[in-house]
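In: After the sequence you'll find the predicted model.
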Amino acid sequence: MKTAILTLSILALLSATTFAETSPNVPAKEASQNFKAAGFAKTKHGWEDNCDTGEITTYKDLNGDGLRDAVISDYSTMCYGNTGVGYHIVAQQNY
């Protein structure tokens, strides 16, 4: 029984670390444009909006148009209540 529990625990740990997302690698110029488009301002602590400092959590083509889109997460229970997280989605456009 102990062996089964240990095996399941190790498998759960391995699957969690395998599928965990890491911070996306966003070029500085594009990150700056995305934050500005979402209404964030550059401060000494990072990019902030009315609630708190934001971070780009996803940077990939979300809508299939061939351009990278950004999801900016902002954490604050004062602004977003019990969930404590808000999202800004920034999509690039072709002109």
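Out: Structure received.
In: ok so residue 78 is a strand residue?
Out: No: read with DSSP: H, G, I helix; E, B strand; the rest coil, residue 78 is helix and lies in no strand.
In: Touching, it and residue 51? I think so.
Out: Yes: if you go by CB atoms under 8 Å, residue 78 and residue 51 touch, sitting 6.8 Å apart. C-betas here are computed from N, CA, C, even on glycine.
In: between these two, who's got more neighbours?
Out: residue 51 (15 against 9; other CB atoms under 10 Å).
In: Identify the residues contacting the more buried one.
Out: 74, 75, 76, 78, 79, 80, 86 (CB atoms under 8 Å, 6 or more residues apart in numbering).
In: Leaving out chain neighbours, which residue sits closest to the residue positioned nearest the centre of the chain?
Out: Taking CA atoms, centre = their mean as the criterion, residue 57 is the residue nearest the geometric centre of the chain, at 1.5 Å. Spatial nearest neighbour of residue 57, excluding adjacent residues (CB to CB, 6 or more residues apart in numbering): residue 73 at 4.5 Å.
In: contacting residues for the closest residue to residue 59 other than its chain neighbours?
Out: Leaving aside its sequence neighbours, residue 59 sits nearest to residue 24 (CB to CB, 6+ apart; 3.8 Å). By CB under 8 Å, 6+ apart, residue 24 lies in contact with 56, 57, 58, 59, 60.
In: quick one: which of those is nearest residue 67?
Out: residue 60 (10.0 Å; CB to CB).
In: Provide the secondary structure category for residue 58.
Out: strand.
In: of the contacts of residue 51, buried ones?
Out: Among those, those classed as buried by 16 or more other CB atoms under 10 Å are 74, 76, 86.
In: What residues of the helix or strand hosting residue 47 count as buried?
Out: Per DSSP states H and E, residue 47 falls inside strand 46-48. The neighbour-count check on strand 46-48 (16+ other CB under 10 Å) flags 47, 48 as buried.
In: what do you get for stretch 31-48?
Out: 31, 34, 35, 38, 40, 47, 48.
In: Of those, which is the nearest to residue 69?
Out: residue 34 (8.9 Å).
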